[in-house]
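Asks: prediction below, plus the sequence it came from.
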Amino acid sequence: MYVPDVVRSENRYDAVLIGGGIMSSTLAVLLNELDPEIRLLIVERLDSPALESSAAVNNAGTGHAANCELNYTPMQADGMVKVDKALEINNAFEQSLEFWSSLTEMGKLVPKKFLNVLPHVSIVWGEDDVAFLRERYQRLNTFTAFSEMEWSTDFGELADWMPLVMDGRACGQSVAATRVKRGTDIDFGALTNSYLELLQLNGALELKLSTEVLDLRRDAKGLWEIELKDESGMHNIYAPFVFLGAGGGALTLLQKSGIPEALLYGGFPVSGQWLVCSDVELTKRQNAKVYGKAKVGAPPMSVPHLDSRWIDGKRSLLFGPFAGFSTKFLKQGSRWDLFRSIKRTNLFSMTEVGINNFDLVKYLLGQLRLGHEERMQALQEFLPRAKHKDWKLSVAGQRVQIIKRTEEGGVLLMGTELVTSSDGSLAALLGASPGASTAVTIMLEVLQRCWSDRMSSNDWIKRLRYLLPSFGADLKTESAVLLKTRKRSDSLLNLM
Ligand SMILES: Cc1cc2nc3c(=O)[nH]c(=O)nc-3n(C[C@H](O)[C@H](O)[C@H](O)COP(=O)(O)OP(=O)(O)OC[C@H]3O[C@@H](n4cnc5c(N)ncnc54)[C@H](O)[C@@H]3O)c2cc1C
């Protein structure tokens, strides 16, 4: 797909990446590492990068490795816990760590700027959920990826793992937890900025801020013609490859691109809210991310969790998420986003999803009715001694849940969806979870689909093996490779 071009005009790029978040910046670093000659442009509508979902305050900062997120290991009808997705996400996160290790060893990244090691804990209470967690632990523990997971029902030990969560809890309550010490808290906004600074320092990237992409179309030569608006007016730029890394704005741009694949998609926005505590003494008493189990009928995005966070070097505690509703697709978007995205081609699947997911609709309506008192009650299930005065509501990032038209009808997708045009000239990233944590794996998939010739060339394979020594291995089955990869990233995590 890649068309080398000796004659370069000012407004002609090899790759234009729309959106200055973690996805575009990861793709830009990968492309630059693979071929420093590629002319790259990132276009961002806001006046700084990483102000939407990738901003630390807009997401939970969990380095999703499936250590503690119970929604990645659903219980099946036969009573078995399904672990495939957990293994996949764990391996993808390992690939992120491997990438950061390589960049750190090359002196290009400073992990302290964006990463903190933090145990990941899952906690449940009640006989049924304890039985579920035990089954999950026993299944996962047989895989090398999760062999370090610990299990406990001992109140004393649990109080050691999470003092605030156990403080004030009735001793007779049936409680169980698992812990993986090798967990992380990540400031994805700081990581995005580190990537962009690195690229700009090398002169490898042009970054246009306060510049919005209004439209895109193919010109007669098969190049993408991209219409930009900045403070000086309208401009057109051209590229053979476009990445729509516009977060919540990606669906709108995908629809504007006119590629047939776009017709399959619609989106439904769900905003998030956290309770945040910045009381220094309280935050010091919690040193873990503690994930619970979503209530029966509630969607995966509603899994409650209490997270220790480090944002701009400051510690805080965050609990949530609580769902909110806004018709905007971006936190700083337009109230018309949802309405403008409804087309003849997605109206039926969107309606169908609304009817078939009545539980979700009911859950969202219930969340909208919550006041501070009810939110505090939800928090007190986690932190029995939580006091109103210590916690304030804060608005998180906006998610756009993807609705896809399939042969079986409209389906609501909870994960991340990569859409590419059949000729590989355009890729768009839709959806959220596990999102930022697995950006490296997702962007490698973009390259496999859209830059396939170069990905199979000897120079790129050599470069990829240098950047990601485990590239091409299946970490789910190749334990020796996984252990070697982990040993290397342990020095990044400062665990050795
Ligand atoms: C509440 C919440 C909690 C989450 N928790 C986690 C977590 O714990 N761990 C995790 O790994 N992931 C988490 N995620 C997911 C993660 O935040 C996202 O997957 C990730 O940040 C998406 O990155 P992005 O670069 O695609 O989008 P963004 O960071 O949103 O960046 C998109 C950029 O595109 C720009 N843009 C949009 N339209 C245009 C246009 N037309 N022209 C120019 N620029 C445009 C926007 O201004 C924005 O800066 C969470 C998300 C939410 C909402």
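Replies: Nice, I can see it.
Asks: can the worst-scoring helix or strand of the chain on mean pLDDT be found next to the ligand?
Replies: Ranked by mean pLDDT, DSSP states H and E, the weakest helix or strand in the chain is helix 358-368, scoring a mean of 80. No: applying C-beta under 6 Å from any ligand atom, one finds helix 358-368 separated from the ligand by no less than 13.0 Å. In this view, the C-beta of every residue, glycine as well, is placed from N, C-alpha and C.
Asks: using PDB, write out every CA atom in that helix.
Replies: C-alpha atoms of helix 358-368 as PDB (Å, rounded to 0.1, in the frame of the first residue of the first chain):
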ATOM      1  CA  PHE A 358     -33.200  -3.400  27.900                       C
ATOM      2  CA  ASP A 359     -31.000  -4.200  30.900                       C
ATOM      3  CA  LEU A 360     -28.500  -1.700  29.800                       C
ATOM      4  CA  VAL A 361     -31.100   1.000  29.200                       C
ATOM      5  CA  LYS A 362     -32.600   0.300  32.600                       C
ATOM      6  CA  TYR A 363     -29.100   0.400  34.200                       C
ATOM      7  CA  LEU A 364     -28.300   3.800  32.500                       C
ATOM      8  CA  LEU A 365     -31.600   5.300  33.600                       C
ATOM      9  CA  GLY A 366     -31.000   4.100  37.100                       C
ATOM     10  CA  GLN A 367     -27.500   5.600  37.100                       C
ATOM     11  CA  LEU A 368     -28.900   9.000  35.900                       C
END
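Asks: tell me the first helix or strand C-terminal of it.
Replies: Downstream of helix 358-368, the first helix or strand assigned by DSSP states H and E is helix 372-382.
Asks: contacts for that following helix, please.
Replies: Residues from elsewhere that reach helix 372-382 (C-beta atoms under 8 Å, 6 or more residues apart in numbering): 123, 165, 275, 290, 292, 304, 306, 319, 322, 370, 386, 388, 391, 393.
Asks: where exactly do the strands run in the stretch 301-450 of the chain?
Replies: Remark: strands assigned in the stretch 301-450 of the chain by DSSP state E, counting those that start in this stretch are 305-311, 314-324, 392-406, 409-413, 416-420, 426-431.
Asks: by mean pLDDT, show me the worst of these.
Replies: Within the strands of the stretch 301-450 of the chain, confidence is poorest for strand 409-413, with a mean of 87 (mean pLDDT).
Asks: buried residues in stretch 31-46?
Replies: Judged by neighbour count (16 or more other C-beta atoms under 10 Å), stretch 31-46 contains these buried residues: 31-35, 38, 40-46.
Asks: rewinding a little: neighbour-wise, give me the winner out of the contacts of helix 372-382.
Replies: Sorting the contacts of helix 372-382 by how many neighbours each has (other C-beta atoms under 10 Å) puts I123 first, at 27 neighbours.
Asks: and that one, what does it touch?
Replies: Residues in contact with I123 (C-beta under 8 Å, 6+ apart) are 158, 162, 165, 175-177, 290-292, 382.
Asks: what about it, is that helix, strand or coil?
Replies: Counting by DSSP: H, G, I helix; E, B strand; the rest coil, the backbone at I123 sits in strand.
Asks: tell me how many other residues crowd the residue of the stretch 351-496 of the chain found nearest the ligand.
Replies: With C-beta to the nearest ligand atom, the shortest gap between the stretch 351-496 of the chain and the ligand falls at G435, namely 2.2 Å. As a burial measure, G435 scores 24 neighbours (other C-beta under 10 Å).
Asks: could you do G249 as well?
Replies: By the criterion of other C-beta under 10 Å, G249 has 25 neighbours.
Asks: name the SS class of it, please.
Replies: Using three-state DSSP, the structure places G249 in helix.
Asks: neighbouring contacts of the least confident helix or strand of the chain?
Replies: So helix 358-368 is contacted by 270, 297-299, 302, 322-325, 354, 412 (C-beta under 8 Å, 6+ apart).
Asks: in what helix or strand does T26 lie?
Replies: Per DSSP H and E: T26 is located in helix 22-34.
Asks: in the sheet, which strands lie alongside the helix or strand that that helix is followed by, parallel or antiparallel?
Replies: Counting by DSSP H and E, the next helix or strand C-terminal to helix 22-34 is strand 40-43. Strands that pair with strand 40-43, judged by DSSP bridges, come out as strand 15-18 (parallel), strand 205-208 (parallel).
Asks: quick check, strand 40-43 touching the ligand?
Replies: Yes: applying C-beta under 6 Å from any ligand atom, one finds strand 40-43 touching the ligand at V43.
Asks: understood, closing this out.
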